[in-house]
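Asks: Sequence isn't available, so here's the structure alone:
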């Protein structure tokens, strides 16, 4: 029996006034008034990713009748975007909404929660997180960082970015100065690219001046806003370093544990809603953007098989290096990799065949 | 200001006893004790689909501290599975969890909420439902049926079913007696198949005796349990009639409208969680099942392009017939079809190219 029920049960045998007095702390216990701060790693201009934190906070508030309020702050309002997880970990804020791979330099295990090059697509990432032990494994790691994580968003496969010249071979990648961050930068560096770390707002002028030769950002809907098509018209795909990146809400571990079970359930459900809602929003907005970009002169190009394989081999080499010295990374990577093998076997049966037929119909203007 | 806040504000100026007395109805209003019944269209043995209703109910209960309890009943416990929506509509139960297309015979518009042949895959279905107006349009229709719907689950692209002989041409489909229901049965009938309506438990003996030549059910995980591989070894894909079927919780409209806004938000978030969770569970379980089926002798076969196109043309003909006399179907179909065109354009850029590469790696045992 829950404490609340005990108090109610006791109350029934007492005078009305006393029962009412006793009822108050019980209600306060199950539905305390809380006002928490969430720092996002993203600016408001990235309305799709930033918006996922707002969707999460909205459902938490509405589901608790306004008792549990989470105020969302854009990157830079409390701490810079790339310090969001630190701010949650050290208690500056109660939680953040972020791409865990931003912190891969601190420990590469962080990257497994979002995306690693040649990792899982959106469908498989969710399957691994929710039903192949992924979230539990990641929370074993997050606990060591004083964090607790819930999946809360996904972008789907991102684009490979904007290039000022065509890339037809691995040789064409040699010396290309490309804005690309994190583990992807390290891996693409192994095939000859010179990775550059540049903040979003500085990419356009760097491409325009030729300080850099290429830049990756997200996908059509977000990339369009930054106007890259005007200064680097070759738009490559796929973004093999981000096949299905998951966003997370990361709570300060102690704060999460202090939450009543009711609020933990509300947060879990709201994060699940935000997860499917963010992917849906990108899929709703990207088609129009890719059409507009194409009519503004973007030249869509696929990385060829040689390039993809060279990058794939560089990625495997990197994972083997990390696994040799990082047991937590190894344990979680191996869980992900085992499911990746099975998942891509399964998806190529019915799902891929159905999609292929529908894409042929689209190209033939039958749909 | 909310009524609850007004009452609290008033309370501050009064004697403690009075404030406590006034507080009670306000609390009752925002978090009433409710015990509702949900009838599922599915048996407990379909743990993945049936389980989505349980996941939904669990989060509703936990998020309301047990105040809003939804008891889940399997098909047949209150009403037969195919009467679930009627039971919610007429108030026998407050809500159901079902595949809306079961009711297409009453109005084909019902089918648009789940899947129509050559419709949207899982990703695009979510995008259309959440961010292309799909759910709002469907609720316009559901209102005419005294229902209110929330997406709550998806199976992904289903399989095309089990055949006792190989199907290499449209000619091979002539006269094939196939267990296949609903609108798909009507459409496949146009290309020569003789559709049969048979309940799940009766399919195996019918296939074994040769009373039927083929049967479709769901996908590897569910099909394995019914043992079809022993009596019809050719396992075809894709299930072009179910590219990404969405499940819904359908509420009695009046009951939904009576819910406090708080509980409506809880239901919406919990349904979103159940949606992503059910797809994830299928993707987690299907890979193992397809491997086991293959090693039990299942011969996987793709429907060829001729067969797919003949069925596609039959589907288009059917939609045109329905649209000529059903304005609501036409309005919702056209919204879906416009987005389908755009969505399949977008998915073939980065997503499909990424998946293709990863599937090649899988086939080459590189992952």
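Replies: Here it is on my side, so go on. Owing to the predicted nature of the structure, the values given are computational and were not obtained by experimental measurement.
Asks: From now on I want contacts and neighbour counts done on CA atoms only, so please keep to that.
Replies: OK.
Asks: which ones are touching the closest residue to chain B within the stretch 251-367 of chain A?
Replies: As assessed by Cα to the nearest Cα, chain B sits closest to residue A:280 within the stretch 251-367 of chain A, at 3.9 Å. By Cα atoms under 8 Å, 6 or more residues apart in numbering or on different chains, residue A:280 lies in contact with B:123, B:124, B:126, B:127, B:128, B:130, B:131.
Asks: relative to helix B:261-295, how tilted is the strand or helix carrying it?
Replies: Assigned by DSSP states H and E, residue A:280 falls within helix A:261-295. Computed by axes from the mean of the first three to the mean of the last three Cα atoms, to 10 degrees, the angle separating helix A:261-295 from helix B:261-295 equals 70 degrees.
Asks: Give the buried residues for helix A:261-295.
Replies: Buried residues in helix A:261-295, counted by 16 or more other Cα atoms under 10 Å in any protein chain shown: A:261-290, A:293.
Asks: From residue A:304, how far off is residue A:280?
Replies: Residue A:280 is 29 Å from residue A:304, where distance means Cα to Cα, to the nearest Å.
Asks: Same question for residue A:334.
Replies: Residue A:334 is 28 Å from residue A:304, where distance means Cα to Cα.
Asks: Likewise for residue A:212?
Replies: Going from residue A:212 to residue A:304 by Cα to Cα gives 22 Å.
Asks: ok, the two, which is more surrounded?
Replies: Higher neighbour count among residue A:212 and residue A:304: residue A:212, with 22 against 14, using other Cα atoms under 10 Å in any protein chain shown.
Asks: so the more buried one makes contact with residue A:175?
Replies: No. Residue A:212 lies out of contact with residue A:175 (Cα atoms under 8 Å); the separation is 10.4 Å.
Asks: what's the closest of the contacts of residue A:280 to chain A?
Replies: Nearest to chain A among these, counting by Cα to the nearest Cα, is residue B:127 at 3.9 Å.
Asks: On the C-terminal side of the host helix or strand of the closest one, identify the next helix or strand.
Replies: Residue B:127 is part of helix B:122-131 when elements are defined by DSSP H and E. Sequence order places helix B:134-144 as the next helix or strand after helix B:122-131, per DSSP H and E.
Asks: does the helix or strand just after that following helix come close to chain A?
Replies: Using DSSP H and E, the next helix or strand after helix B:134-144 towards the C-terminus is strand B:147-154. No. Figure legend: strand B:147-154 not in contact with chain A (Cα under 8 Å from any Cα of the partner chain); closest approach 10.4 Å.
Asks: for the record, mean pLDDT for strand B:147-154?
Replies: Averaged over strand B:147-154, pLDDT sits at 98.
Asks: which other residues reach it?
Replies: Outside strand B:147-154, the residues within contact range by Cα under 8 Å, 6+ apart are B:49, B:52-53, B:56, B:88-89, B:97, B:122, B:129, B:135, B:138-139, B:142, B:244-253, B:256, B:268, B:271-279.
Asks: again with stretch A:43-54
Replies: A:40-42, A:72, A:74-75, A:97, A:152-153, A:155, A:222, A:249, A:274-275, A:277-278, A:281-282.
Asks: picking up where we left off before, and the angle from the helix holding residue B:127 to helix B:261-295?
Replies: 170 degrees.
Asks: What is the helix or strand where residue A:85 lies packed up against?
Replies: Using DSSP H and E, residue A:85 sits within helix A:84-89. When contacts are defined as 3 or more Cα pairs under 8 Å, 6 or more residues apart in numbering or on different chains; DSSP states H and E, helix A:84-89 sits against strand A:34-40, strand A:95-98, strand A:246-252.
Asks: would you turn those into TSV with mean pLDDT?
Replies: Shown next, in TSV, are the helices and strands packed on helix A:84-89 (pLDDT from 0 to 100):
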stretch	mean pLDDT
strand A:34-40	98
strand A:95-98	98
strand A:246-252	98
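Asks: For the residue nearest to residue A:312 when sequence neighbours are not counted, give me its contacts.
Replies: Spatially, and ignoring its direct neighbours in sequence, residue A:312 is nearest to residue A:118 (6.8 Å; Cα to Cα, 6 or more residues apart in numbering or on different chains). Counting by Cα under 8 Å, 6+ apart, residue A:118 touches A:240, A:241, A:242, A:243, A:312, A:315, B:358.
Asks: Let me see the mean pLDDT of the helix holding residue A:85.
Replies: Rounded mean pLDDT across helix A:84-89 is 98.
Asks: re earlier: I'd like to know which of the contacts of strand B:147-154 are buried.
Replies: Members of these classed as buried by 16+ other Cα under 10 Å are B:49, B:52-53, B:56, B:88-89, B:97, B:122, B:129, B:135, B:138-139, B:142, B:244-253, B:256, B:268, B:271-279.
Asks: Kindly list the main-chain dihedrals of residue A:161?
Replies: Torsion angles at residue A:161 (phi, psi; degrees, to the nearest 10) stand at phi 110, psi 180.
Asks: for it, which residues make a bridge with it?
Replies: Note on residue A:161: beta-bridge partners by DSSP bridges are residue A:236.
Asks: Count the residues that sit near it.
Replies: When neighbours are counted by other Cα under 10 Å, residue A:161 comes out with 25.
Asks: surely it meets residue A:236?
Replies: Yes. At 5.4 Å, residue A:161 counts as touching residue A:236 under the criterion of Cα under 8 Å.
Asks: just how off-centre is stretch A:270-283 within its chain?
Replies: Mean-position distance between stretch A:270-283 and its chain equals 11 Å (Cα atoms, centre = their mean, to the nearest Å).
Asks: And for stretch A:105-114?
Replies: From the chain centre to the centre of stretch A:105-114 is a distance of 12 Å (Cα atoms, centre = their mean).
Asks: Name the residues that touch it?
Replies: Applying Cα under 8 Å, 6+ apart, the external contacts of stretch A:105-114 come out as A:99-104, A:138, A:141, A:182-183, A:244-248, A:322, A:328-329, A:332-333.
Asks: tell me the contacts of the residue nearest the centre of chain A?
Replies: Compute the mean C-alpha point of chain A, and by Cα atoms, centre = their mean the closest residue is residue A:247, 2.4 Å away. By Cα under 8 Å, 6+ apart, residue A:247 lies in contact with A:97, A:98, A:99, A:100, A:113, A:114, A:151, A:152, A:153, A:154, A:275.
Asks: Buried only: go through the contacts of stretch A:105-114 for me.
Replies: The buried subset of the contacts of stretch A:105-114 - by 16+ other Cα under 10 Å - is A:99-103, A:138, A:141, A:182-183, A:244-248, A:322, A:328-329, A:332-333.
Asks: per-residue confidence for the residue lying closest to residue A:276 once chain neighbours are set aside?
Replies: Once flanking residues are discounted, residue A:276 sits nearest to residue B:276: 6.1 Å by Cα to Cα, 6+ apart. We have a pLDDT of 98 for residue B:276.
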